[in-house]
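> Got a sequence here, can you model it:
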Amino acid sequence: MSSTGSGRGSARARLLTAAAHRFYVDGLSATGIDTITAEAGVAKMSLYNNFASKSDLVLAYLDARHEEWLALYRRRLERSRNPRQRVLAVFDAYADHAALAYDHGFRGCGLLNAAAELPAGDEGRVVVRRHKEEVESLLVGHLRDLLPDQPDVVRATAEHLAFLLEGGMARAGLEGDDTRLRHARRIAADLLARL
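Residues are numbered from 1 along each chain as shown. Next up is the predicted model:
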């Protein structure tokens, strides 16, 4: 790879890191391009050499946030030995995300925070919806392993757990820590023990 390619990759990574930080702390609308480029330590032109627009940068941020969560989930999944533990790995990954170091504390799901600022029909909202659907699909898969002959119970329970997870995440964001996520996990574990 040429040194120009390396510099561009490095600028792209710095821009994504700066954008992720500022978008989470200040929100999408309140974060301008100048703020991102200043924090990344790159020229404004570097942003446009790597992203077609701020909207393109927002989409890259949302994709990176999704991948960040998936990495936390996969680490939890590696330690899970049965379907119940695999369901709880989803809750644990959300709690792990909440426990990361954030300026001014945890503010909730970065994807949902971003989606709340985007207009209906925006491509970014589609990315967030796909993430939430994937999380529910993971729950369905683990519950199907637990209850292979009960597809209706699997679907209803996965939806119930997804609502529990999102409610716990919303409250954790409002309260600034993972306490509500730990409570949601405990409720999920109790529900799973009764299946």
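
> Tell me the secondary structure at Ala98.
Three-state assignment for Ala98 (DSSP: H, G, I helix; E, B strand; the rest coil): helix.

> wait, I meant Phe106
Here Phe106 is recorded as coil under three-state DSSP.

> wouldn't it be in contact with Thr179 here?
No. Counting by CB atoms under 8 Å, Phe106 stays clear of Thr179, with 10.2 Å between them. Bear in mind the C-beta positions are built from the backbone N, C-alpha and C, glycine included.

> Mutual contacts of those two, please.
Here Phe106 and Thr179 share the contacting residues Ala172, scored by CB atoms under 8 Å, 6 or more residues apart in numbering.

> who's more crowded, those two?
Phe106 (22 against 14; other CB atoms under 10 Å).

> can you tell me which residues contact that one?
Listed by CB under 8 Å, 6+ apart, the contact set of Phe106 reads Ala98, Ala99, Leu100, Ala172, Gly173, Gly176, Asp177, Asp178.

> Of these, grab the buried ones for PyMOL.
Applied in PyMOL, the following selects the buried portion of those according to 16 or more other CB atoms under 10 Å:
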select buried, resi 98+172+173+178
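
> Among the contacts of Phe106, which has the minimum pLDDT value?
Model confidence across the contacts of Phe106 bottoms out at Leu100, which has 85.

> mind showing which ranges of the protein have poor pLDDT?
For the chain, the stretches flagged by pLDDT under 70 are 1-9.

> Pretty sure Ala19 sits against Thr31.
Yes. At 7.5 Å, Ala19 and Thr31 qualify as touching, with contact defined as CB under 8 Å.

> Compare those two and say which one has the larger neighbour count.
When Ala19 and Thr31 are compared for neighbours, Ala19 comes out ahead with 26 against 21, by other CB under 10 Å.

> The more buried one: which element?
Secondary structure from DSSP states H and E places Ala19 in helix 3-26.

> Determine the set of other helices and strands touching that helix.
Here helix 3-26 touches helix 33-40, helix 44-50, helix 54-78, helix 110-117, going by 3 or more CB pairs under 8 Å, 6 or more residues apart in numbering; DSSP states H and E.

> what residues does stretch 188-195 touch?
Here stretch 188-195 makes contact (CB under 8 Å, 6+ apart) with Arg84, Val87, Leu88, Phe91, Leu146, Leu147, Val153, Thr157, His160, Leu161, Leu164, Leu165.

> coming back round to it: take the helices and strands packed on helix 3-26 and lay them out in a markdown table including distance to Leu195 and mean neighbour count.
Shown next, in a markdown table, are the helices and strands packed on helix 3-26 (distance: least, CB to CB, whole Å; neighbours: other CB atoms under 10 Å):
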| stretch | distance to Leu195 | mean neighbour count |
| --- | --- | --- |
| helix 33-40 | 46 | 17 |
| helix 44-50 | 48 | 16 |
| helix 54-78 | 19 | 17 |
| helix 110-117 | 28 | 18 |
